[in-house]
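Chemist: Please work out how this folds:
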Amino acid sequence: MAPIKNGRLLFGEVPTGFPEPGKTTIYDDSDTIDLENVPLQGGFLVKTLVLSIDPYLRGKMRDPDVKSYSAAFIKGEPLHNFGVGVVLRSENSSVKAGDHVYGVFTFQEYFVAPKFEGFRILANEEKIPWSVYVGVAGMPGQTAYYAWKEYAAAKKGEVAFVSAGAGPVGSFVIQLAKAQGLKVIASAGSEEKVNFMKSIGADVVFNYKTQNTAEVLAKEGPVNVYWDNVGGETFDAALQHAANEARFLECGMISGYNGQAPPVKNLMYIVSKQLKIYGFLVFALSAKYEDEFYKVVPRQIANGEIKYTEDIKNGLQYAGHAIYEVQAGKNKGKSVILVAEE
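Modeler: Below you'll find the model as predicted:
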């Protein structure tokens, strides 16, 4: 078999604001691969089916000398993030041709994984779409599920506030909170997203661009559990309108990812209200909750108990555009790149 095209999305340069397709990220289709003869050296060859586009990727677009919890992208090299693919060939006893695997993929159509560590075989007995395994059945869903169980200490009748409540993490948090009998306040940045949050059970929904967050919380709070995806002014308002001994689950702060977020003024409430602030990384909780997650969540999705939305772009060449849209809040559901059909 002659070599075929192996498209890639490369990291071009460190952005100063929003990542720009064609500059920050560059699609390159000059590379080729011989699927029958590429050396595996004890690894396995994967055909990429879907890739996840997540807010945290912006933090990897930095100078590698700047240390963080997640390794920086390397200029001229493919990006990497969670994906699902099908194994074409294998020299590793842990995986065989035909298996579907989930793990961290390089942003290219085909790649050779040197070892199985970090991957998971997906049996998908529930027959849900592969794209869902990088959304509510993947890392974003795990983030919501693990941290809510570990830190929320939720009680029926309490009030939860979820920022970015229409996203893949926030929307699952809304549904977890409602399942435990909480009143849920949720915010997002468009009327379409507000309507989605209402459809999945949130009691109070609002567009933070047209309504004042602090005023909504003053009326509907105080807040016992705050799930923070945005930081900045929203975090500040939540501090002001938190109940005594409220729990803050700090998942992300996208308001500051592409520039400087407004200063937080209400930090003293952490002391005076005896707030519990939990910063967390999903990977640190995996050992405790991962097996339970895969037993429970895919089945709930298949049964329609968990609702989700997706924003799918067809083709790896559009991944840079999807990254920009997620940072700018223009995506309309979990952002996924459909790289190939089986």
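Chemist: residue ranges of the helices in the stretch 51-200 of the chain, please?
Modeler: Under the criterion DSSP state H, counting those that start in this stretch, the stretch 51-200 of the chain carries helices at the ranges 139-151, 168-179, 191-199.
Chemist: Tell me which of these sits most buried.
Modeler: helix 168-179 (a mean of 25; mean count of other CB atoms under 10 Å). (C-beta placed from N, C-alpha, C; glycine too.)
Chemist: Now do that one against helix 139-151: the angle between them, please.
Modeler: Counting by axes from the mean of the first three to the mean of the last three CA atoms, to 10 degrees, helix 168-179 lies at 40 degrees to helix 139-151.
Chemist: Quick one: closest of the helices of the stretch 51-200 of the chain to Phe18.
Modeler: helix 191-199 (19.2 Å; CB to CB).
Chemist: after the closest one comes which helix or strand?
Modeler: strand 204-207 (DSSP states H and E).
Chemist: mind listing what's buried in that next one?
Modeler: Across strand 204-207, burial judged by 16 or more other CB atoms under 10 Å covers 204-206.
Chemist: do the same with stretch 50-65
Modeler: By neighbour count on 16+ other CB under 10 Å, the buried set for stretch 50-65 is 50-58, 60-61.
Chemist: Redo the helices of the stretch 51-200 of the chain as CSV? Include distance to Phe116 and mean pLDDT.
Modeler: Formatted as CSV, the helices of the stretch 51-200 of the chain follow (distance: least, CB to CB, whole Å; pLDDT from 0 to 100):
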stretch, distance to Phe116, mean pLDDT
helix 139-151, 18, 98
helix 168-179, 26, 98
helix 191-199, 37, 97
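Chemist: phi, psi of the residue lying closest to Thr143 once chain neighbours are set aside?
Modeler: Using CB to CB, 6 or more residues apart in numbering and skipping the chain neighbours, the partner closest in space to Thr143 is Val282 (4.4 Å). Note on Val282: backbone dihedrals following degrees, to the nearest 10 are phi -60, psi -40.
Chemist: Go ahead and confirm Val282 touches Gly138.
Modeler: No - the pair Val282 / Gly138 is not scored as a contact, 10.3 Å apart, by CB atoms under 8 Å.
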